[in-house]
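*Asks:* what shape does this take:
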Amino acid sequence: FVEVPVTEQNADLHQGLGIPTLPFGHIYHPDAGLVEEMKIGKANFGTFAKTMSWYADGFCELNGVGDCSNPLTEKKSDVKKIGLV
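*Replies:* Have a look, this model is predicted:
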C-alpha cells in the first residue's frame, strides 16, 4: 500500500496516474496482473472487500449460468458459486 496525501501541489500527480477518485484501489493477481480497479471509500468498501475475498478464496459468485450481470448488485439468494480458472 502507498499513501499519498491529496494537495493542490500534487493534484496533477493523481490525474497523471489515472486515479479517477480517492480513495481508489487496485487488485492484482499473481498470474494475471491487474484484475480490478474500483472506488474504496466508505460506501464502496464492502464491494471492494467482497471482490478481494473472491480472488483470495479462488471462486466468485454469479447469478446463474449464462447471466453476466453484476453479482454485487443482486440479491444474495439468487447467487451461485463457481470456481475461478
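*Asks:* ranges for the helices of this protein?
*Replies:* 11-16, 45-57 (DSSP state H).
*Asks:* T51 and F45: what is the separation?
*Replies:* As defined by Cβ to Cβ, to the nearest Å, T51 lies at a distance of 11 Å from F45. C-beta: built from backbone N, CA, C; applies to glycine.
*Asks:* likewise W54?
*Replies:* 15 Å.
*Asks:* any idea which of the helices of the chain scores lowest on pLDDT?
*Replies:* Among the helices of the chain, helix 11-16 carries the lowest mean pLDDT, at a mean of 77.
*Asks:* show me which positions of it end up buried.
*Replies:* H14 (16 or more other Cβ atoms under 10 Å).
*Asks:* numbering from 31 from now on, please.
*Replies:* Sounds good: first residue 31 from here, last item helix 41-46.
*Asks:* give me the distance between that helix and the centre of its chain.
*Replies:* From the chain centre to the centre of helix 41-46 is a distance of 21 Å (Cα atoms, centre = their mean, to the nearest Å).
*Asks:* same thing with stretch 87-94?
*Replies:* Worked out by Cα atoms, centre = their mean, stretch 87-94 lies 14 Å from the chain centre.
*Asks:* how far does that stretch stretch from start to finish?
*Replies:* 19 Å (Cα to Cα, to the nearest Å).
*Asks:* for the protein, which element, helix or strand, carries the lowest mean pLDDT?
*Replies:* strand 110-113 (a mean of 50; mean pLDDT, DSSP states H and E).
*Asks:* can you map out the strands along this structure?
*Replies:* 54-59, 63-69, 89-92, 110-113 (DSSP state E).
*Asks:* take the ones you listed and write them to TSV, including mean neighbour count and distance to H44.
*Replies:* TSV is the format used below for the strands of the chain (neighbours: other Cβ atoms under 10 Å; distance: least, Cβ to Cβ, whole Å):
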stretch	mean neighbour count	distance to H44
strand 54-59	14	9
strand 63-69	13	14
strand 89-92	16	30
strand 110-113	10	36
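*Asks:* between those, which gets nearest to G46?
*Replies:* strand 54-59 (13.9 Å; Cβ to Cβ).
*Asks:* re the thing from before, can I get the strands of the chain in TSV including distance to C98?
*Replies:* Shown next, in TSV, are those (distance: least, Cβ to Cβ, whole Å):
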stretch	distance to C98
strand 54-59	20
strand 63-69	16
strand 89-92	8
strand 110-113	13
